[in-house]
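Participant: Provided below are the primary sequence and the corresponding predicted coordinates.
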Amino acid sequence: MNERDGTDRDARRRQLALFRHAIIGELDIEKLPRGERSARITELAGRTYELPEGSTRPFRARTLWAWWSAYQRHGLEGLLPKARADRGALRALTPTLRPRRSGFGKKFPHARPPR
C-alpha cells in the first residue's frame, strides 16, 4: 500500500461518515420522544439512498439505529466505517474445510460466480 491509497481510503471513510450523518441527521434536529424517533427511523428505512459511489440501496431500521447510537456516543467519528481487522491477510479455507467444498458447485450450481 502506498501513501496515496491510505489517503484515498481515509477520504472515502470520511465521505461515508458524512453520508450516514446526512441520513440520520434529522433525528437530532430536535429532542424527539422515543416513539417519534422510532417512527422516523422506520420511515427512513423505507427509502432508497444513493451512495457516494453512485449505487442505490435501502438500509434497514436496525442499521439506522446503530448509526444513530454510534453518533450519540462518538459523534461523527462513530459513523466512520470500521477497517477490517484482517485487512491484507490471506483469507483462505482451513485444511479441515477444503474437503467439504469439493462437490459444492455440483450441489448448488446457481451459487457459482459468473464467468
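Facilitator: Nice, thanks for sending it over. Computed from a predicted model, the values in this text were never measured in an experiment.

Participant: where does Arg62 land in three-state SS?
Facilitator: At Arg62 the chain is in helix, as set by DSSP: H, G, I helix; E, B strand; the rest coil.

Participant: and the most centrally placed residue in the chain, what does it touch?
Facilitator: Within the chain, one residue has its C-alpha closest to the average C-alpha position: by C-alpha atoms, centre = their mean, that is Pro81, at 6.9 Å. If you count contacts by C-beta atoms under 8 Å, 6 or more residues apart in numbering, Pro81 has them with Arg13, Leu16, Ala17. In short, each C-beta sits where N, CA and C put it, glycine included.

Participant: how near is it to Ala70?
Facilitator: For Pro81, the distance to Ala70 equals 11 Å [C-beta to C-beta, to the nearest Å].

Participant: the strands in this structure, which residues?
Facilitator: With DSSP state E, the ranges of strands along the chain come out as 48-50, 56-58.

Participant: Just give me the longest helix of the chain.
Facilitator: Using DSSP state H, we find that the single longest helix of the chain is helix 3-24.

Participant: pLDDT averaged over stretch 17-25 - what is it?
Facilitator: For stretch 17-25, mean pLDDT rounds to 94.

Participant: Run through who's touching that stretch.
Facilitator: Residues contacting stretch 17-25 (C-beta under 8 Å, 6+ apart): 44, 49, 51-52, 59, 64, 67-68, 71, 76-77, 79-81.

Participant: Save the strands of the chain as JSON lines, and put in mean pLDDT and mean neighbour count too.
Facilitator: Formatted as JSON lines, those follow (pLDDT from 0 to 100; neighbours: other C-beta atoms under 10 Å):
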{"stretch": "strand 48-50", "mean pLDDT": "96", "mean neighbour count": "11"}
{"stretch": "strand 56-58", "mean pLDDT": "96", "mean neighbour count": "9"}
